[in-house]
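Participant: Build the 3D model from these lines:
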Amino acid sequence: MASPARGARVSLPRQRCLGSLVGWRTVGYDGDMSRLILNPRIARMSLLPLAGVVLCLVFPTGGCSMQRSPEMGGASSPEDIPTLWQSSGTFSPIGRKVRVLARDAATLAQFPLTEIPVDFQTQMVLIAGLGPTPSSQQGIRIVRVWREGARIKVQERSIHPGAEQASGLEPASPWTAVVIPRSDLNVEGYVTRVPDGVLRDHPGSR
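Facilitator: Numbers count the residues shown, from 1 in each chain. Predicted coordinates for the structure are as follows:
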């Protein structure tokens, strides 16, 4: 293939690479293909966009906006939910282990535990029961409620007799209930419908 004549103008196709950013289209040719001379006017004009890109990469805190798009998502920080009211008890008609979220008075009425002050327009109730236990010294408490992503999580603490105490043989059915701000999010581990047969007479239901 014959080389272009010395001093000729050579047009190179645009490539999707760094060269296309700086306008490698029209260059001068001095007879040596290893030396392609960039047109100075094109270089000055086309280097401006590249300079902006370089500045964004080197100084990302400047005027460039390089934010994560919403579609990319990202882990959200846990957000504690306040406990507005709480009560616990030793005896109840709860016949087995249960976790219930009550968003209405009809659901709450199925648990004759204690008088719970709640406004279902703005609040809801979490109820947790251990079911029958051989000792009245056992218990349960809800110690933390928080939002994580699109779910609400609950941390509970079980109470057991100390090793130095005689284990009480009186049957019981410990429970705990908390009132928190109303939310439409699911509460992990809690159901919104009272399971069949969860309430019944048993030695610990007095």
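Participant: what is the rounded mean pLDDT of stretch 119-135?
Facilitator: Per-residue pLDDT over stretch 119-135 has a mean of 96.
Participant: Quick check: buried residues in that stretch?
Facilitator: For stretch 119-135, the neighbour count (16 or more other C-beta atoms under 10 Å) marks 123-133, 135 as buried. Where C-beta positions appear, they are placed from N, C-alpha and C, glycine not excepted.
Participant: for Thr122, what are its contacts?
Facilitator: Thr122 makes contact with 181-182, according to C-beta atoms under 8 Å, 6 or more residues apart in numbering.
Participant: which other residues reach the helix or strand where Ile180 lies?
Facilitator: Using DSSP states H and E, Ile180 maps to strand 175-181. Under the contact criterion C-beta under 8 Å, 6+ apart, strand 175-181 has outside partners 81-89, 92, 94, 111, 113-114, 116-118, 122-130, 139-142, 145, 156.
Participant: make it 6 Å
Facilitator: Here strand 175-181 makes contact (C-beta atoms under 6 Å, 6 or more residues apart in numbering) with 81, 83-89, 92, 94, 113, 118, 123, 125-129, 140-142, 145.
Participant: Please pick the buried ones from those.
Facilitator: 81, 88-89, 92, 94, 113, 118, 123, 125-129, 140, 142, 145.
Participant: between the residues you listed, which is closest to Ala102?
Facilitator: Closest approach between these and Ala102, by C-beta to C-beta: Val125, at 4.3 Å.
Participant: thinking again about what came up before, neighbouring strands of the strand holding Ile180 in the sheet, and parallel or not?
Facilitator: strand 85-89 (antiparallel), strand 123-129 (antiparallel) (DSSP bridges).
Participant: will you turn those into CSV that also has distance to Gly204?
Facilitator: Formatted as CSV, these follow (distance: least, C-beta to C-beta, whole Å):
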stretch, distance to Gly204
strand 85-89, 11
strand 123-129, 10
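Participant: wait, which of those is closest to Glu188?
Facilitator: Among the strands paired with strand 175-181, the nearest to Glu188 by C-beta to C-beta is strand 123-129 (11.2 Å).
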